[in-house]
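Q: Using only what follows, build the 3D model:
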Amino acid sequence: MKLDILPEGVKEWYLDFTQPVVDLFIDLELNPNFFTTIGFIISVIAAFYFGAGHYRIGGALVLLAGTFDIIDGRVARATSRVTRFGALYDSTMDRYSEVIMFFGLAYYFVYQAWNGLMNEYLAFITAMGVSIALGGSVMVSYVRARAEGLGLECKVGLMQRPERIVYIGVSAVFSKYLLIVAILLVAVLANYTAMQRLYHIWNTERARETGDSLDSLDSDK
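A: You can find the predicted model right below:
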């Protein structure tokens with residue numbers, strides 16, 4: 001049974017909700033890379049607000065940046081302007097956006113600990129969680145990119161980029177302590193997802209060698 005930590009109904013609702021904005025941008029014939037750049041700039045601003053302790057504003061900006069990340073691909077497909085450079089540029093800016101976002105979060109929790117503004121152990125554990133979440137997020141993307149470079153499809157995974165953005169952004173908007181929970185959850189599940197993708201590729205290779213389907217191999221577990 002497949003477990004979704006971001007239900008498909010939520011994803012579909014958000015896509016429908018943003019469709020009028022996408023239609024407007026399509027009519028304006030803007031370059032999809034424009035939206036990628038705007039999303040990156042907003043992520044940088046979000047990181048600044050996280051570092052300054054304004055985590056609610058930072059969370060809202062993370063969600064806004066994530067929306068632009070969705071829009072660029074949809075505009076590109078709708079206007080038949082999908083290019084290899086555009087895909088590379090989008091992926092690169094996505095990685096930089098996450099790295100900068102996590103740096104802002106790490107700075108905030110380290111600053112809180114050093115200045116006695118919150119429980120020292122909780123702050124340092126959370127800062128470590130941010131570092132682990134960053135590592136896991138990078139590895140999730142790396143495993144997919146490396147697999148696809150070898151000619152293998154690898155889009156599976158529990159904690160992919162949309163889930164990470166939603167969990168960090170929404171939790172930050174509501175509460176600092178909910179944000180801490182989300183960070184620790186991402187730290188665990190992002191690394192789990194990287195291993196999940198490794199297993200998927202191993203299973204794919206095993207299926208090729210034996211001539212079985214992936215479903216039949218999964219049922220052997």
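Q: what's the most centrally placed residue in the chain in contact with, if anything?
A: With the centre of the chain defined as its mean C-alpha position, the nearest residue by CA atoms, centre = their mean is residue 161, 2.0 Å away. Residue 161 sits next to 69, 94, 98, 137, 140, 141 when contact means CB atoms under 8 Å, 6 or more residues apart in numbering. (Each C-beta comes from the backbone N, C-alpha and C, glycine too.)
Q: Show me what the strand or helix carrying the fourth one is packed against.
A: Spelled out, it's residue 137. According to DSSP states H and E, residue 137 maps onto helix 120-149. The contact analysis (3 or more CB pairs under 8 Å, 6 or more residues apart in numbering; DSSP states H and E) places helix 120-149 against helix 84-114, helix 161-174, helix 176-210.
Q: In JSON lines, list the ones you listed along with mean pLDDT and distance to residue 18.
A: Output for the helices and strands packed on helix 120-149, formatted as JSON lines (pLDDT from 0 to 100; distance: least, CB to CB, whole Å):
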{"stretch": "helix 84-114", "mean pLDDT": "93", "distance to residue 18": "17"}
{"stretch": "helix 161-174", "mean pLDDT": "94", "distance to residue 18": "13"}
{"stretch": "helix 176-210", "mean pLDDT": "93", "distance to residue 18": "22"}
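Q: Which of those has the highest mean neighbour count?
A: Comparing these by mean neighbour count (mean count of other CB atoms under 10 Å), helix 161-174 ranks first with a mean of 21.
Q: tilt between that one and helix 84-114?
A: The directions of helix 161-174 and helix 84-114 differ by 40 degrees, with axes from the mean of the first three to the mean of the last three CA atoms, to 10 degrees as the criterion.
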